[in-house]
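Chemist: Here is my input; please provide its structure:
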Amino acid sequence: MTLSLAACGESGGTSISDTANITSLDPSGPGISSTTGVDDPTGSTTTDPSGTMGNSESATEPTTGTTADVTATGTTTTDDTTTSDDTSSTTDDTTTTTDGTSSTTDDTTTGNDTNGNNDECQAPATQPPCDEAGDDIFKAIGLNCSDNKASAIPIKNPVIMAPDTSSYRVATHFGTAKDPMDPNQWAWAPKEGSRFLVIGSGTFPNLEGDGGLVEQNGQDTQPNGNPDEQYQLPGVMHHEAGSNNGAGGTPFMNCDGVHDCSDTIANQWNGIGAGVAHDVFYMSFDLEVPQGTHGYLLDFVYFTEEWPNYVDATVNDMLIVWSTSETFTGNVTFIDGQPLTVTALDPYMTILPGDPLLAGTGFPGDSEGAATGWYTAKGSAAPGESFTLAISVFDLGDTVWDTVGIIDKFRWDCMGCVPNEVDSCGIIPQ
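Modeler: Have a look, this model is predicted:
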């Protein structure tokens, strides 16, 4: 009953554990800085090098953002990290082999480029999860299990900009609904490993004894202690159009390397939205792309209390995944030329008020609150480059009606996609 979406891309416990040098940023003012330890995110001193959260720049942003029209082919390898959610196969994403394991046709781990240059993909052929215990938000989504690039995806410069640690949880499941195809499994269970990351523009209760996150009805209608009154996007993100060298009008082409080269955020931010964010959760990390690897994938779900009352309204919460790759700079979570908001996702809200799948999520109202089901977003990258990936969710135009995102299963994609090709990068319904 969940909607699976795939896309393409080219060349409680709340402490953070086992991740060194996590930086926490506070937009309230400059001049206060420290690097937090791995076991105490709640008591850390914070920093904002720019003095305002929305105007900070990333040291890893490329000096040029011109889109590279490069793609690669790849051979399929076995993916043995299946979960109860992956019970149905699609022609674009998952197929079943004779031995019962799953493989993918566009989520490849080895291959040569289209020019026959033997550009072998050096992304991990196998990537054992490392989130069985603990509450490390990076490990929860498949990152930083070790420094061994042959079996893991190490990161650098991890940042968590969320003073209110109740705005995120590392959980074994979300809600109390069971999978309609397998009543022994949770409906909202991890796509890889034992845990996933849940982020929101409200607050979450402590986890259940089994590590699950369960909310009472109506609990997603309250502000959190994260930054309010933000007239710019956080961290490395920018709402202004970045195509055509910053002039806009040619989405995904001639990126200026700073602003949104998808040209998707500006209208929803200033046009439909109120142009001011509240309850802002933000995280980012730096990645080094393996040789022969042209992209990455990330799975997530979007829940919101705003549906259907605030479709086409200034109250228009956003969930954004942002890339600073030299092949593309900007929002990679877009659909139908729009970012992920209740307005853009209106046609894709398939889990509606009263659906049993919303039980225990805080969204099972009689007339409001809905979810999309799982998406797969796919972004572009250049082999061998280093770039920043950032994730944010926030209330837009209000501080009350909340939105939640589940984030899981980051992995490299050898083939990738070309940002300026139709139905290539971003999010595409299957």
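
Chemist: Could I get the average pLDDT for stretch 272-291?
Modeler: The predicted model assigns stretch 272-291 a mean pLDDT of 95.

Chemist: Give me the buried stretch members for that stretch, please.
Modeler: Within stretch 272-291, the residues scored as buried using 16 or more other Cβ atoms under 10 Å are 272-287, 289-290. Glycine gets a C-beta too; all of them are placed from N, C-alpha and C.

Chemist: what does stretch 413-429 give?
Modeler: 413-420, 424-429.

Chemist: can you name the two of the residues you listed that are farthest apart?
Modeler: Within those, two members stand farthest from each other by Cβ to Cβ: C414 and P429, at 23.5 Å.

Chemist: So what touches stretch 360-369?
Modeler: Contact partners of stretch 360-369, identified using Cβ atoms under 8 Å, 6 or more residues apart in numbering, comprise 174-177, 188, 214-220, 303-309, 353-355, 358, 370-371, 404.

Chemist: Give me the mean pLDDT for that stretch.
Modeler: In this model, stretch 360-369 has a mean pLDDT of 81.

Chemist: just stretch 410-421 next, same as before
Modeler: The predicted model gives stretch 410-421 an average pLDDT of 93.

Chemist: That stretch: end-to-end distance?
Modeler: Start-to-end span of stretch 410-421 (Cα to Cα, to the nearest Å) is 23 Å.

Chemist: and stretch 230-242, how far from the chain's centre?
Modeler: Stretch 230-242 has its C-alpha centroid displaced from the chain centroid by 16 Å (Cα atoms, centre = their mean, to the nearest Å).

Chemist: Buried residues, it. List them.
Modeler: 230, 232-242.

Chemist: Could you work out the end-to-end span of it for me?
Modeler: Using Cα to Cα, one end of stretch 230-242 lies 20 Å from the other.

Chemist: cool, stretch 166-179 as well?
Modeler: Start and end residues of stretch 166-179 are separated by 27 Å (Cα to Cα).

Chemist: what sits opposite K378 in the beta ladder?
Modeler: L297, G426 (DSSP bridges).

Chemist: What is the burial count for it?
Modeler: Here the neighbour count serves as a burial measure; for K378 (other Cβ atoms under 10 Å) it reads 27.

Chemist: Which of the buried residues of stretch 230-242 fall within helices?
Modeler: Among the buried residues of stretch 230-242, no member is found in helices (DSSP state H).

Chemist: now, which of those residues sits nearest Y375?
Modeler: M237 (18.9 Å).

Chemist: wait, isn't that closest one in contact with S392?
Modeler: Yes - under the criterion of Cβ atoms under 8 Å, M237 is in contact with S392, at a separation of 6.4 Å.

Chemist: Now do the shared contacts for the two.
Modeler: Overlap of the contact sets of M237 and S392 (by Cβ under 8 Å, 6+ apart) consists of 282, 320, 322.

Chemist: With secondary structure and distance to K409 added, can I get those residues in JSON lines?
Modeler: Conversion of those to JSON lines gives the following (DSSP: H, G, I helix; E, B strand; the rest coil; distance: Cβ to Cβ, whole Å):
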{"residue": "Y282", "secondary structure": "strand", "distance to K409": "20"}
{"residue": "I320", "secondary structure": "strand", "distance to K409": "18"}
{"residue": "W322", "secondary structure": "strand", "distance to K409": "18"}
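
Chemist: can I get the residues you listed in TSV with distance to A313?
Modeler: Listed next are those as TSV, based on distance: Cβ to Cβ, whole Å:
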residue	distance to A313
Y282	24
I320	19
W322	24
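
Chemist: Let me know the distance separating F300 from M253.
Modeler: Counting by Cβ to Cβ, to the nearest Å, the gap from F300 to M253 is 26 Å.

Chemist: where do the strands sit along the stretch 101-250 of the chain?
Modeler: With DSSP state E, counting those that start in this stretch, the ranges of strands along the stretch 101-250 of the chain come out as 102-104, 156-161, 168-171, 178-179, 182-186, 196-200.

Chemist: got the end-to-end distance for stretch 330-344?
Modeler: 17 Å.

Chemist: Let me see the mean pLDDT of that stretch.
Modeler: Averaged across stretch 330-344, the pLDDT comes to 93.

Chemist: cool, and stretch 143-152?
Modeler: When pLDDT is averaged over stretch 143-152, the result is 96.

Chemist: And the contacts of that stretch?
Modeler: If you take Cβ under 8 Å, 6+ apart as the criterion, stretch 143-152 is touched by 19, 122, 124, 126-130, 136, 138-139, 153-155, 158, 285, 288, 290, 410.

Chemist: mind listing the helices for the protein?
Modeler: With DSSP H as the criterion, the chain has helices at 265-266.
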